[in-house]
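S.K.: Next comes the sequence, and after it the predicted model I'd like to discuss.
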Amino acid sequence: MSSTDDRGVRGAPAGPDTPGSTRFPRGFLFGAATASYQIEGAHDVGGRTPSIWDTYCREPGRVADGATGDIACDHYHRYREDVALLRGLGVDSYRFSISWPRVQPDGAGPGNPEGLDFYDRLVDELLAAGISPAATLYHWDLPQALEDRGGWRVRDTAERFADYTRIAAERLGDRVERWITLNEPYCSAFVGYGAGAHAPGAREGRGALAAAHHLLVGHGLAVRALRETGATDVGITLNPDVLLPATDSEADLAAVRRAETMHNDVWLEPLLAGRYPAHEARTWGELADGTYRLDGDLALIGVPLDFIGVNYYRPITVSAVPHRDPDPATRSAVDIRAEESWRQDVRRTTMGWPVVPHAFTDLLVGLRRRYPALPPLLITENGSSEDDRVDADGRIHDTDRVAYLRDHLAALADAMDQGVDVRGYYVWSLLDNFEWARGYSKRFGIVRVDYDTLERVPKDSYRWYRDLIAAHRDRDRDGDHPRDGGDLARDRTNSGTRTTGQELHHR
């Protein structure tokens with residue numbers, strides 16, 4: 001969502017706060033999140049075939065230090081250890097993703113018994129620990145066999161996605177209650193097929209726009225398949241962005257409007273308003289010919305959902321620039337006469353992302369105002385990459401991450417105080433992991449992973465989040481909860497360096 005409010009982060013020390021000062025409603029869910037390719041490893045075990053990320057990682061220059069997810073955190077073999085960490089954390093729910101090429105190796109045909117067995121074991125381990133599983137069906141690891149046949153550019157992939165969904169739901173649906181169809185389709189379509197900065201590494205115009213549409217069609221078909229198997233808690237995870245003009249000029253404001261179309265409206269309008277974006281022709285010109293759309297698609301895409309997942313990390317600053325490619329025939333879909341950058345006047349994470357908690361509030365309140373029939377929200381990802389160091393005592397005192405989490409939970413409570421219906425929060429991430437094109441150079445985990453030994457070491461942020469959850473549970477038992485949302489401690493961080501951030505692609 002856009003906003004012209006460009007306040008600085010409200011000031012307070014960056015140190016940790018007392019978790020007991022946190023207030024959320026009775027029944028509010030706390031969880032942690034991961035994704036299959038980022039943590040599982042076992043890339044050629046148990047019948048799994050390559051995904052587009054396996055291929056992308058093997059193309060020289062695509063990923064920092066030539067890293068791959070071949071081993072990652074070896075969660076496939078160490079899932080019991082990781083579930084024990086979740087149990088110690090005290091979370092209500094664990095959001096994981098299912099690897100499509102592990103469950104349906106060629107993207108077509110019957111399910112793979114060995115792959116399904118792994119998720120059986122994981123789900124059973126979670127339930128035995130008192131943790132509710134939340135399964136994401138697609139977190140970017142498309143079977144390479146489907147990409148070879150056109151990938152998300154073609155409608156057949158959406159239909160194959162529905163088949164895969166049915167396989168997963170029929171096997172796990174008796175124990176998995178919450179299902180998420182897609183994670184951040186913006187990244188799949190525009191970062192993967194438009195900017196070339198994620199797998200499959202394409203830089204296309206109509207191809208990226210077709211991929212965006214077919215991802216939504218796949219979502220609609222997956223919802224139908226889930227409902228037919230009895231699922232009652234179904235949603236999609238988006239990463240709607242807060243987009244701020246670099247200046248008040250008409251050119252920069254128009255650039256924000258185009259950026260909003262690509263980042264937000266392509267997804268939100270069909271899902272929540274039953275229409276395509278109003279400004280798509282102004283954003284993409286003749287590329288937005290809609291030849292990939294069929295009658296009935298809007299009804300399919302806009303099927304009612306039980307929740308919307310929101311991933312939030314930072315706002316983006318937008319300024320007007322000319323097209324990088326003057327030829328529409330070869331122009332990428334991300335070449336929309338808008339340049340994106342990061343604020344320089346606040347603290348930034350090691351991703352270069354500005355820490356602006358109030359933008360999180362603005363985003364959520366803006367969604368509610370724009371879409372009055374907005375389903376309940378789940379914050380399905382929120383967290384920060386920091387410069388974690390192992391101290392002489394063997395501990396990781398990640399004070400900046402604790403401050404980030406504290407302040408964004410405060411911002412979330414502010415939004416709930418203003419009437420936004422948010423039912424839960426998943427921290428990103430449980431573990432340090434393979435951070436896509438950045439390889440292993442960035443750490444988001446509240447648990448450190450030593451990539452040489454694969455040892456897991458909880459950080460201070462793990463203990464802080466654990467104590468926050470415990471304090472919330474204590475109030476649940478005592479009945480000492482507000483009924484209309486939280487009143488989290490209102491202090492904020494305001495530690496900032498002034499540098500420039502130009503790498504724009506999402507996690």
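M.R.: Everything's here; your move.

S.K.: Model confidence at the nearest residue to residue 219 once chain neighbours are set aside, what's the number?
M.R.: Nearest non-adjacent residue to residue 219, counting by CB to CB, 6 or more residues apart in numbering: residue 181, 4.5 Å away. Just so you know, the C-beta spots here come from the backbone N, C-alpha and C atoms, and that holds for glycine as well. Confidence at residue 181, expressed as pLDDT, is 99.

S.K.: Could you list which residues are in contact with residue 181?
M.R.: Contacts for residue 181 (CB atoms under 8 Å, 6 or more residues apart in numbering) come out as 136-138, 165, 218-219, 222-223, 226, 234-236.

S.K.: With neighbour count and secondary structure as extra columns, can I get the residues you listed in TSV?
M.R.: Supplementary listing: these in TSV, determined by neighbours: other CB atoms under 10 Å; DSSP: H, G, I helix; E, B strand; the rest coil:
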residue	neighbour count	secondary structure
136	24	strand
137	24	strand
138	29	strand
165	29	helix
218	27	helix
219	30	helix
222	28	helix
223	24	helix
226	22	helix
234	23	strand
235	23	strand
236	29	strand
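
S.K.: elements contacting the host helix or strand of residue 167?
M.R.: Secondary structure from DSSP states H and E places residue 167 in helix 155-172. When contacts are defined as 3 or more CB pairs under 8 Å, 6 or more residues apart in numbering; DSSP states H and E, helix 155-172 packs onto helix 100-103, helix 113-128, strand 132-138, helix 206-228.

S.K.: which residue ranges form the strands in the chain?
M.R.: Along the chain, counting by DSSP state E, strands occupy 29-33, 93-97, 132-138, 178-183, 233-238, 243-245, 307-311, 316-320, 338-341, 377-381, 422-428, 447-449, 456-458.

S.K.: Quick one: closest of the helices and strands packed on helix 155-172 to residue 418.
M.R.: Taking CB to CB, strand 132-138 is the member of the helices and strands packed on helix 155-172 nearest to residue 418, at 25.9 Å.

S.K.: sorry, back to before: identify each buried residue in the helix holding residue 167, please.
M.R.: 155, 157-158, 160-169, 171-172 (16 or more other CB atoms under 10 Å).

S.K.: can you check stretch 229-249 too?
M.R.: 229, 231, 233-246.

S.K.: Give me the distance between the two termini of it.
M.R.: In stretch 229-249, first residue to last residue: 52 Å (CA to CA, to the nearest Å).

S.K.: Run the chain-centre distance for that stretch.
M.R.: Centre-to-centre, stretch 229-249 and its host chain are 9 Å apart (CA atoms, centre = their mean, to the nearest Å).

S.K.: Could you give the average pLDDT over it?
M.R.: The predicted model assigns stretch 229-249 a mean pLDDT of 98.

S.K.: Can you name the residues bridging to the spatially most central residue of the chain?
M.R.: Nearest residue to the geometric centre of the chain (CA atoms, centre = their mean): residue 311, 4.6 Å. Note on residue 311: beta-bridge partners residue 381, judged by DSSP bridges.

S.K.: these two touch, right, it and residue 383?
M.R.: No: between residue 311 and residue 383 there is no contact under CB atoms under 8 Å: 9.7 Å.

S.K.: which residues are common contacts for those two?
M.R.: Counting by CB under 8 Å, 6+ apart, the shared contacts of residue 311 and residue 383 are residue 428.

S.K.: Quick one: find the helix or strand in this structure with the lowest mean pLDDT.
M.R.: Here the helix or strand of the chain ranked lowest by mean pLDDT, DSSP states H and E is helix 460-478, holding a mean of 92.

S.K.: returning to that earlier point: residue 265 versus the residue nearest to the centre of the chain, what's the distance?
M.R.: Distance, residue 311 to residue 265, using CB to CB, to the nearest Å: 17 Å.
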